[in-house]
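Student: output the structure for:
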Amino acid sequence: MPVITMPATLREEFTPRVCDGFLELIKLAQEDQREDTLAMVRDNFGRQVAESEARLRVEIAESEGRLRAEIGQMRAEFAEKLANVKTSLLAWMFVFWIGQAATIIGMMALLLKR
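Tutor: A predicted model of the protein is given here:
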């Protein structure tokens, strides 16, 4: 804290006791002002932190909702693609079985003709 001194003209007009009292009064006022300023800054900071926390909670909730919606959409797309793969696989299985059956029937026909 800076040192406060009385100008020489005031020291000449007033007694040292009055000057010291005046300086003490100024110091006390500065201390009170400093404490008030710190309290105000502390309150403002606390309010700003609370507001920021509230905004972050809202943003997190919104992000979570968007993510859940995207995950749901991806699951639906995956299920659709899986169903298409199953259908395609089943079709190829039938083609394979028909080929196998034709091969077996042809071999049996050859063996029975001899």
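Student: please, where are all the helices along this protein?
Tutor: Taking DSSP state H, the helices of the chain run over residues 8-13, 16-113.
Student: dump the ones you listed to a markdown table, plus mean neighbour count and mean pLDDT.
Tutor: (Glycine included, C-beta is placed from N, CA and C.) Below are the helices of the chain laid out as a markdown table (neighbours: other Cβ atoms under 10 Å; pLDDT from 0 to 100):
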| stretch | mean neighbour count | mean pLDDT |
| --- | --- | --- |
| helix 8-13 | 10 | 79 |
| helix 16-113 | 10 | 92 |
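Student: ok, residue 67 to residue 77 distance?
Tutor: Here residue 67 is placed at a distance of 15 Å from residue 77 (Cβ to Cβ, to the nearest Å).
Student: got the CA coordinates for stretch 94-102 in PDB?
Tutor: Output of stretch 94-102 as PDB, limited to C-alpha atoms (Å, rounded to 0.1, in the frame of the first residue of the first chain):
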ATOM      1  CA  PHE A  94     -29.300 -70.700 -52.600                       C
ATOM      2  CA  VAL A  95     -27.200 -70.200 -55.700                       C
ATOM      3  CA  PHE A  96     -24.500 -72.300 -54.200                       C
ATOM      4  CA  TRP A  97     -27.000 -75.000 -53.100                       C
ATOM      5  CA  ILE A  98     -28.600 -75.100 -56.500                       C
ATOM      6  CA  GLY A  99     -25.100 -75.500 -58.100                       C
ATOM      7  CA  GLN A 100     -24.200 -78.200 -55.700                       C
ATOM      8  CA  ALA A 101     -27.500 -80.000 -56.300                       C
ATOM      9  CA  ALA A 102     -27.000 -79.800 -60.100                       C
END
